[in-house]
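1. My questions are about this predicted structure, shown below with the sequence.
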Amino acid sequence: MGISVLIVGSGAREHALTWKALQSPLTDAVYCAPGNAATEAIAINSDIEATDVEGIARFVRERDVHLTVIGPEAAVDAGVADRLLNDGRLVFGPSKAAGRIESSKAFAKSLMKRAGVPTPDYRVFQDPANAKDFVRSEGRAFVVKADGLAKGKGTLVPRDAAETLECIDTLMLRRTVGAAADQIVLEEKVEGREVSLMALVDGERVLPLEPACDYKRALDGDKGPNTGGMGGYSPVSFFDTTDIDRAVEAALQPVIDALREDGCPYRGCLYAGLMVGPSGIQVLEYNARFGDPETQIVLPRLDSDLIALLEAAARGELSGRLSWSPSASVGVVLASRGYPGSYARDYPIDGLGRVEQGVLVFHAGTASDPSGYVTAGGRVLTVVATGQTMADARERAYRNAERIRFEGVSYRKDLALRELEVSVTG
Ligand code: GLY
């Protein structure tokens, strides 16, 4: 008899986790809480919100769920893992205390400093007047980060000192992300190329996944506002296996060791947002969860059994290495016009049936109605294609993205282009 798995969350990341969990020969039932319109078709959705700690605990008890996998940061911060661990259940996802590595930017920065992890210099402020005095005295731009969870809207990247002052007002006085910006971090701006490195962690051991690049700005050429992620690609030519090993040693293992020594061991996926620049690898942020859209892009390349790995991590028994397909993968996020600002919804989605076999379409902001799927969110779908080369994967991803239509569909056209330029110019 196989095991049952509960995936907590409702986005394209959770659709990808569900899809991968269903491929595991270990799994005989996959539940989602709450899941989305597409997981409904492949797994068993339950009407329980990701942050409903009591509801999830009851569901796990009643269905005798073997392993719970936590998707979103809000569920980590709500204490879903704490509650399930208290009930003697297996859970892949960190405790609320370990999750502060994402839910408090000031905590993460001080942990990094203490653990000797390279990260840009920073200052923490509770008073906007003090923060602005500091910027005026320095006379240059700083990255402005809300301390708390802000659904991807808490990090602002101004170009100069005047814009930095404006960003402080936006977060602390206009309170665009509410109490998340009662405290802010001002961080030195650093140059380089960003890469996302996710790793499975069992409290002690760190097993890195293949890296990916995520495109955070809404428009081509890295223009427009920051978003939750508009797509990306894997593997990453400028971040090879030596870089991965170096990053684990310098940027991931030290914080995992420090958290364990502090009495809050980290079990789950640790995501490091890295900047690779002239001064080496620096950590810009950690997330206490799988990345979105990185998960949709990376999991199709993973040959190992994901559920065996997550179960081993939850038990504190990770070992071995991961097995990867040598393919490349490109994921294109199809968004609603207006995202990340306001957007309309309920537009019919056409063309899903015209997508080629082997191309994956992970749902986020969709709903089903009697005539099919309709739009129901800002980021609607992630279209993911693999190929022998990055050029193949990219061409296939865009060819299929074009087949999907809904009113106001918008997506970046330049994803992974820089990788092709690298291979052309050597
Ligand atoms: N791709 C960025 C994130 O998951 O937060």
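-> Received, thanks.

2. Can you tell me how far residue 39 is from residue 165?
-> 44 Å (CB to CB, to the nearest Å). Quick note: C-beta positions are derived from backbone N, CA and C, even for glycine.

3. Spatially nearest residue to the residue most central in space within the chain (excluding sequence neighbours)?
-> Centroid-nearest residue in the chain: residue 291, 1.6 Å away (criterion: CA atoms, centre = their mean). Spatial nearest neighbour of residue 291, excluding adjacent residues (CB to CB, 6 or more residues apart in numbering): residue 271 at 4.9 Å.

4. The strand or helix carrying residue 82 packs against which elements?
-> Using DSSP states H and E, residue 82 sits in helix 80-86. Judged by 3 or more CB pairs under 8 Å, 6 or more residues apart in numbering; DSSP states H and E, helix 80-86 is in contact with helix 53-63, strand 67-70, strand 90-92.

5. list the helices and strands the last one packs on?
-> Applying 3+ CB pairs under 8 Å, 6+ apart, we find strand 90-92 packed against strand 67-70, helix 80-86, strand 267-277, helix 306-315.

6. how about 6 Å then?
-> strand 67-70, helix 306-315 (3 or more CB pairs under 6 Å, 6 or more residues apart in numbering; DSSP states H and E).

7. For these, could you give me JSON lines that also reports distance to the ligand and mean neighbour count?
-> Listed next are the helices and strands packed on strand 90-92 as JSON lines, based on distance: least, CB to the nearest ligand atom, whole Å; neighbours: other CB atoms under 10 Å:
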{"stretch": "strand 67-70", "distance to the ligand": "14", "mean neighbour count": "28"}
{"stretch": "helix 306-315", "distance to the ligand": "18", "mean neighbour count": "22"}
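
8. can you list these in JSON lines and add distance to residue 234 and mean pLDDT?
-> Formatted as JSON lines, these follow (distance: least, CB to CB, whole Å; pLDDT from 0 to 100):
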{"stretch": "strand 67-70", "distance to residue 234": "20", "mean pLDDT": "98"}
{"stretch": "helix 306-315", "distance to residue 234": "15", "mean pLDDT": "98"}
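
9. Minimum distance to residue 321: which of these has it?
-> Relative to residue 321, the nearest member of the helices and strands packed on strand 90-92 by CB to CB is helix 306-315, separated by 10.7 Å.

10. near the ligand, anything from whichever helix or strand comes after the closest one?
-> Proceeding N to C from helix 306-315, the next assigned helix or strand is strand 328-336, under DSSP H and E. No - judged by CB under 6 Å from any ligand atom, strand 328-336 stays clear of the ligand, getting no closer than 10.2 Å.

11. which one of residue 39 and residue 165 has more residues nearby?
-> Ranked by neighbour count (other CB atoms under 10 Å), residue 39 and residue 165 place residue 39 first, with 25 against 18.

12. so that one touches residue 18, yeah?
-> Yes - counting by CB atoms under 6 Å, residue 39 does reach residue 18; the two are 4.9 Å apart.

13. Need the overlap of contacts for those two.
-> residue 32 (CB atoms under 6 Å, 6 or more residues apart in numbering).
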